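Trainee: can you look at this prediction? I've put the sequence above it.
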Amino acid sequence: MSRIGKLPIAIPAGVDVTIDGSTVTVKGPQGTLTRTVHSNIAVAVENNEIVVTRPNDEKLNRSLHGLTRTLIANMVEGVAHGYKKELEINGIGYRAAMQGTQLVMNIGYSHQVFMDQPEGIKIEVPSPNKIVISGPDKQKVGQFAAEVREKRPPEPYKGKGIKYADEHIRRKEGKAGKGGK
């Protein structure tokens, strides 16, 4: 039996779960998320908990069991509390700002980099070198944060670039000079 798949998901106060066939809809203070689960996996609400079960121990069903349970748990957590990714910008003259719904970054190129705010995602720039991306959908928040970081990944020699707040950059030593001729 899947150790993760058999764990029930507690439904916090203020969160409403609706199951319609293979479609699971979760509503909460942060928003509404909907996901269609595989037809082999059964999802039910029992005693204010969501229970995910599989019909048999075939390989496909075993692999979908834990995955489905985790995806639904992430939906419940997202609509209840939301997810947040913090990015830091390091480098002289590197900065970010919001213009309406666009994220505008000066990150060492000859031009500014513009990124549109995706639907369901909130972008905040509390200081010129910090970007906070938040929303109820864990996958969308992580994907957009990765796309922002991709515009100028941190480099190992000077540490310039965009990095996650909790990321550690392994620094390298520069060229070692040979002495004189």
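Mentor: Sure, I can see it. Residues are numbered from 1 along each chain as shown.

Trainee: got the buried residues for the top helix by length along the chain?
Mentor: Taking DSSP state H as the criterion, the chain has its longest helix at helix 59-80. For helix 59-80, a neighbour-count test (16 or more other Cβ atoms under 10 Å) marks 61, 64-80 as buried. For every residue, glycine as well, the C-beta is placed using N, CA and C.

Trainee: strands paired with the helix or strand that comes right after that helix, and their directions?
Mentor: Counting by DSSP states H and E, the element after helix 59-80 in chain order, helix or strand, is strand 83-90. Under the criterion DSSP bridges, strand 83-90 sits next to strand 130-135 (antiparallel), strand 161-164 (antiparallel) in its sheet.

Trainee: in strand 83-90, what's buried?
Mentor: Buried residues in strand 83-90 (16+ other Cβ under 10 Å): 83, 85-90.

Trainee: stretch 29-49 now?
Mentor: Neighbour-count burial for stretch 29-49 flags 30, 33, 35, 37, 41, 43 (criterion: 16+ other Cβ under 10 Å).

Trainee: ok, the residues you listed vs residue 152, which is closest?
Mentor: Proximity of the buried residues of stretch 29-49 to residue 152 was ranked by Cβ to Cβ; the top entry is residue 30 with 29.8 Å.

Trainee: okay, which residue is most central for this structure?
Mentor: For the chain, the residue nearest the mean C-alpha position is residue 142 (2.5 Å; Cα atoms, centre = their mean).
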